[in-house]
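Chemist: Provided below for reference: sequence and predicted model.
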Amino acid sequence: MEKKEITYHFTLKDMSRVSYTVEISKQPMPEPEGLPEWTRLEFHQCEGCRWTQSDRCPVAVGLHGPAMLLDKLPSYETAEVLVETSERNYLKSTTIQEGLSGLFGLVMARSGCPAFEPFKGMAWFHLPFATHEETLFRVVGTYFMKPYLEGKTDWKEWEHIIDDIQTIYREIYEVNKGIITRLKAGAAPGCDAPFNAITILNSIGNMVAMSFEDRLEDIRSHFA
């Protein structure tokens with residue numbers, strides 16, 4: 001698989017720039033040395049955690065760098081957020097917490113955590129600043145694409161698509177709650193930007209899951 005990198009650049013009000021690059025690969029990157037205590041699996045471990053491959057939480061390991069990127073700034077402060085990929089760039093004037101939420105979502109999707117496994121493929125086709133409708137379209141598309149690529153063509157399996165996707169988001173919601181607790185207790189106890197970023201991800205997920213049928217009808221109308 002070719003190497004692919006996505007970089008988030010935050011240009012702050014004082015015109016300073018902070019950047020973070022995520023390398024997208026088939027497997028999560030090896031755990032770095034000298035990880036802090038709050039990345040340990042048992043440190044406020046998520047309820048129902050299914051991770052068994054190491055004694056470190058894979059999401060916490062992935063968020064170790066991004067969580068400290070802007071930990072001294074309030075979440076509501078504005079910034080020019082430039083997302084740079086090999087194909088194109090995306091630019092938006094927004095809050096730090098919204099910019100971080102996109103970065104966090106990318107990191108979490110490729111972390112290796114079983115809860116985020118359904119979104120691993122979406123990380124390769126990352127869409128910064130996606131709307132609720134765009135997120136739903138991508139989630140449903142991914143849901144159908146994965147088994148098709150695996151050679152499963154019995155479309156009768158998709159009778160319970162709504163329940164399946166809502167189940168995925170319920171587990172992600174619980175994991176996100178656990179990560180917020182972990183960040184508050186260990187990573188950035190005096191800063192609200194990291195856990196507000198995850199709260200935004202949770203709210204998007206809830207909006208998609210709770211209004212799934214209505215929003216699916218909206219998407220259907222675009223193809224009429």
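Modeler: Noted; the coordinates are in hand.
Chemist: can you point out the buried residues in stretch 183-197?
Modeler: Buried positions in stretch 183-197, judged by neighbour count with 16 or more other CB atoms under 10 Å: 183-184, 186-188, 191-197. C-beta coordinates here come from the backbone N, C-alpha and C atoms, glycine included.
Chemist: try stretch 43-51
Modeler: Buried residues in stretch 43-51, counted by 16+ other CB under 10 Å: 43-44, 46, 49, 51.
Chemist: now the two most distant members of the residues you listed.
Modeler: Greatest spacing in the buried residues of stretch 43-51, by CB to CB: 44 and 51 (13.6 Å).
Chemist: what do those two both touch?
Modeler: Common contacts of residue 44 and residue 51, defined by CB atoms under 8 Å, 6 or more residues apart in numbering, are absent altogether.
Chemist: picking up where we left off before, from the buried residues of stretch 183-197, which one has the minimum pLDDT?
Modeler: Ranked by pLDDT, those bottom out at residue 188, which scores 65.
Chemist: closest to residue 37 among the buried residues of stretch 183-197?
Modeler: Among the buried residues of stretch 183-197, and counting by CB to CB, the member closest to residue 37 is residue 186, at 6.5 Å.
Chemist: my reading is that the closest one lies in a helix. Confirm?
Modeler: Yes: counting by DSSP: H, G, I helix; E, B strand; the rest coil, residue 186 falls inside a helix.
Chemist: so it makes contact with residue 42?
Modeler: No: Residue 186 lies out of contact with residue 42 (CB atoms under 8 Å); the separation is 12.0 Å.
Chemist: before we move on, the earlier item: quick check, nearest of the buried residues of stretch 183-197 to residue 17?
Modeler: Closest to residue 17 out of the buried residues of stretch 183-197 is residue 193 (16.5 Å), distances taken as CB to CB.
Chemist: quick one: that closest one and residue 177, what's the gap?
Modeler: To residue 177, residue 193 is 17 Å away according to CB to CB, to the nearest Å.
Chemist: over to residue 111?
Modeler: Taking CB to CB, one finds residue 111 at 16 Å from residue 177.
Chemist: mind listing the helices for the protein?
Modeler: For the chain, the helices defined by DSSP state H cover 58-67, 96-109, 120-124, 132-149, 161-182, 193-210, 212-222.
Chemist: output these as CSV; include the columns distance to residue 12.
Modeler: Shown next, in CSV, are the helices of the chain (distance: least, CB to CB, whole Å):
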stretch, distance to residue 12
helix 58-67, 16
helix 96-109, 8
helix 120-124, 26
helix 132-149, 27
helix 161-182, 24
helix 193-210, 12
helix 212-222, 34
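Chemist: and the ones you listed, which is most packed in?
Modeler: helix 96-109 (a mean of 25; mean count of other CB atoms under 10 Å).
Chemist: just the CA trace of that one, in CSV.
Modeler: The C-alpha trace of helix 96-109 is given here as CSV (Å, rounded to 0.1, in the frame of the first residue of the first chain):
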residue,chain,number,x,y,z
ILE,A,96,-9.8,25.1,17.6
GLN,A,97,-12.2,22.5,18.9
GLU,A,98,-13.8,21.9,15.5
GLY,A,99,-10.4,21.7,13.8
LEU,A,100,-9.2,19.2,16.4
SER,A,101,-12.4,17.1,16.1
GLY,A,102,-11.5,16.4,12.5
LEU,A,103,-7.9,15.5,13.4
PHE,A,104,-9.0,13.4,16.3
GLY,A,105,-11.6,11.5,14.2
LEU,A,106,-8.9,10.7,11.6
VAL,A,107,-6.5,9.4,14.3
MET,A,108,-9.2,7.4,16.1
ALA,A,109,-10.4,5.8,12.9
